[in-house]
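Asks: structure of the sequence below:
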Amino acid sequence: MTFLTSVLVALHILGAAAIFGIWLATFKKPTVTLWQLVGAIVQVVTGLALVGIAEAGDGDVNHIKVAVKTVVAVIILIAAIIGFNKAKKGKDVPTGLAHAVGGMAFINILVATLWN
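Replies: Numbering: from 1, shown residues only. The predicted model follows:
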């Protein structure tokens, strides 16, 4: 179980890195890319899997923190889906939407690291 948890944590971090890193890379010309969408999906799936493993084990789970992170992650995922669909159709992605994806990912990273 420790190995599975480690793999899920690594994938969770890579998902956040994809969303946040691409947001920084495209900051001057905001858009939503396929990799940001993939990162958002990875974040939600691995996050829920990690919570499930923690609940099944003996670890304490901070349900309020999990709820906040889940709500933010779902908002990121929805914004990424909308933004990527617009970009795929060749339409301009609204600046606010593109920045919502990256900015909310940054907020989720802060919640994960600063909330004890």
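
Asks: quick check: Val44 touching Leu77?
Replies: Yes - using C-beta atoms under 8 Å, Val44 makes contact with Leu77 at a distance of 5.5 Å. The way it works is simple: take the backbone N, C-alpha and C, and place the C-beta from them, glycine included.

Asks: buried stuff in the helix or strand where Ile81 lies?
Replies: According to DSSP states H and E, Ile81 maps onto helix 63-88. Residues of helix 63-88 classed as buried by neighbour count (16 or more other C-beta atoms under 10 Å): 66, 68-69, 72-73, 75-77, 79-80, 82-84, 86-87.

Asks: out of the residues you listed, which comes closest to Thr31?
Replies: Comparing the buried residues of helix 63-88 against Thr31 with C-beta to C-beta places Ala87 closest, at 5.4 Å.

Asks: contacting residues around that closest one?
Replies: 31-33, 93 (C-beta atoms under 8 Å, 6 or more residues apart in numbering).
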